[in-house]
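A.B. asks: sequence below, structure please.
(one chain, ligands or ions: 1)
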Amino acid sequence: MFRVTFFYRATGPRSETLPMAFQLKLGAALAVALLATACGKKDEAPAPAVAPAPAPVAAKPVIEVLHYWTSGGEAASAAELKKMLEAKGNEWKDFAVAGGGGENAMTVLKSRAVSGNPPTAAQVKGPAIQEWAAEGMLANIDNVAQAEKWDELLPAVVANVMKHNGNYVAAPVNVHRVNWMWANPEVMAKAGVKTMPKTWDEFFVAADKIKKSGAVALAHGGQNWQDFTVFESVALGVGGADYYKKAFVQLDPTAIDSATTTKVLNTFRKLKGYTDAASSGRDWNLTTAMVIEGKAAFQFMGDWAKGEFTAAGKKPGEGFLCAAAPGTGNAFTFNIDSFILFKLKDEAAQKGQADLASAILSTEFQEVFNQNKGSIPVRLGHDMSQFDSCAQDSAKDFVETDKAGGLVPSIAHGMAVAPAAQGAIQDVVTQFWNDDKMGVADAQKRLVAAAATK
Ligand code: BGC
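C.D. replies: Prediction:
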């Protein structure tokens, strides 16, 4: 949890004040003009005493948006938001901080906020929204939400995350599903793997065949958040939704200390034997590229990976396959991207923020953004006919798992618990993945301790 004291000045955006060099130039130009008027030659027509005032020009809102969408599919999605805001007369100031999962972006955001200079909007999600709101830094966007009926448009599970003390303080963009398995059908076929594995046992049988064929069975990028992403799918697949909720949403020490977690850790560790030697530190999108290019068979990653397949011109069922991670067919780990808007005094900036909040929820934006991003629209009842089959499955499963109790928040992607506990658990998971000498019982003890982090 970031417990910093915010020395926050409610400053307007930079467009409010002219840059110093420009002010100086402007001052000098005015002095020359006045001097010329005062010294005007007698035979010249007298200058009018007061020059007609130029018509006031409304300041163009500058929307500085902090995000971490820098891969091919992500950048194509961010470009759609930029286009839409510019069409509404705003100037888009891109503030992209590279780094999957957003850890780098959050560090940069905190330092900007601490120095009293937050951006107009930032890509922040889940319980972290509550922490920013509790610091008193967020704008209340109820006016837009009420005018556009967000309470009716949004599923309750989404709306709740966006509100602080009953007021909307964040605008949701999409629903990502995290418990996906992506595959290259040609690599599977060459190794004699006919269907997507539905259980972890089936997965290991398939993975052995792929390994024998010479390809990499599991494309994995060894970064803490990617390790955690895989771990959460294993936990859900091995333990089921009820166990997952107890252990990784409620952080119940008994559930974390159970035999199920032992099984989860053993299964997770076994996966490492199917990754390649160059895995450590590799970015997620380069990892997806291994599947796209036929170097690897499978990847466990949220459906932003589909944005990469799409950007590479691949179609589901032909160029790639999607299925729920083994054992998770009846569950859905949700990850909702959203933007928080900072409290700013400047009226032009406030208008820009309202435009952003309203654009994000529009049908038009939801359609084009989510087709690029790999996610599904956050609006209830959105027409999915133009989406690919993976997205159509996702939209159906989102609704069905919500009814049947299988809809769970992703802990690896900041939806389930406060950032402090999330970070501590992620550290244990990643240490366990990297240190083959750490025993399962030891890791389990450390997980219990990490879950108590406040
Ligand atoms: C975000 C996605 C993003 C992914 C990779 C996730 O946590 O929700 O929008 O594409 O990380 O950076």
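
A.B. asks: can you name the residue of the stretch 301-450 of the chain nearest to the ligand?
C.D. replies: Here the stretch 301-450 of the chain gets closest to the ligand at one residue, W304, 3.4 Å apart by C-beta to the nearest ligand atom. C-beta coordinates here come from the backbone N, C-alpha and C atoms, glycine included.

A.B. asks: out of everything not next to it in sequence, what's closest to that residue?
C.D. replies: Excluding its sequence neighbours, the residue lying closest to W304 (C-beta to C-beta, 6 or more residues apart in numbering) is G374, at 5.1 Å.

A.B. asks: which helix or strand contains A113?
C.D. replies: Counting by DSSP states H and E, the element that carries A113 is helix 103-114.

A.B. asks: how about that helix against the ligand, any contact?
C.D. replies: No: legend: contact between helix 103-114 and the ligand by C-beta under 6 Å from any ligand atom is lacking; minimum distance shown is 8.9 Å.

A.B. asks: mean confidence score for that helix?
C.D. replies: Mean pLDDT, helix 103-114: 96.

A.B. asks: after that helix, which helix or strand is next?
C.D. replies: Where DSSP H and E defines the elements, the next helix or strand beyond helix 103-114 is strand 121-123.

A.B. asks: what sits up against that following strand?
C.D. replies: 63-69, 102, 105, 109, 337-342, 353, 356 (C-beta atoms under 8 Å, 6 or more residues apart in numbering).

A.B. asks: what about 7 Å?
C.D. replies: Outside strand 121-123, the residues that touch it by C-beta atoms under 7 Å, 6 or more residues apart in numbering are 63, 65-68, 102, 105, 109, 337, 339-341, 353, 356.

A.B. asks: now it, how far from the centre of its chain.
C.D. replies: 10 Å (C-alpha atoms, centre = their mean, to the nearest Å).

A.B. asks: does that strand reach the ligand?
C.D. replies: No: figure legend: strand 121-123 not in contact with the ligand (C-beta under 6 Å from any ligand atom); closest approach 7.3 Å.

A.B. asks: contacting residues around the nearest residue to S233 once chain neighbours are set aside?
C.D. replies: Of all residues not flanking S233 in the chain, A325 sits nearest, at 4.0 Å (C-beta to C-beta, 6+ apart). Residues in contact with A325 (C-beta under 7 Å, 6+ apart) are N179, W180, M181, S233, G237, F300.

A.B. asks: burial count for the fourth one?
C.D. replies: A count of nearby residues for S233, using other C-beta atoms under 10 Å, gives 27.

A.B. asks: that one against W182, yeah?
C.D. replies: No: checked against C-beta atoms under 7 Å, the pair S233 and W182 is beyond contact range at 11.8 Å.

A.B. asks: rewinding a little: dump the helix holding A113 to PDB, restricted to CA.
C.D. replies: Once non-C-alpha atoms are left out, helix 103-114 reads as follows in PDB (Å, rounded to 0.1, in the frame of the first residue of the first chain):
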ATOM      1  CA  GLU A 103       4.100  -1.600 -12.200                       C
ATOM      2  CA  ASN A 104       6.400   1.000 -13.800                       C
ATOM      3  CA  ALA A 105       3.500   3.200 -14.700                       C
ATOM      4  CA  MET A 106       2.200   3.200 -11.100                       C
ATOM      5  CA  THR A 107       5.700   4.200  -9.800                       C
ATOM      6  CA  VAL A 108       5.800   7.100 -12.200                       C
ATOM      7  CA  LEU A 109       2.200   8.100 -11.400                       C
ATOM      8  CA  LYS A 110       3.000   8.200  -7.600                       C
ATOM      9  CA  SER A 111       6.000  10.400  -8.100                       C
ATOM     10  CA  ARG A 112       4.000  12.800 -10.300                       C
ATOM     11  CA  ALA A 113       1.200  13.000  -7.800                       C
ATOM     12  CA  VAL A 114       3.500  13.500  -4.800                       C
END
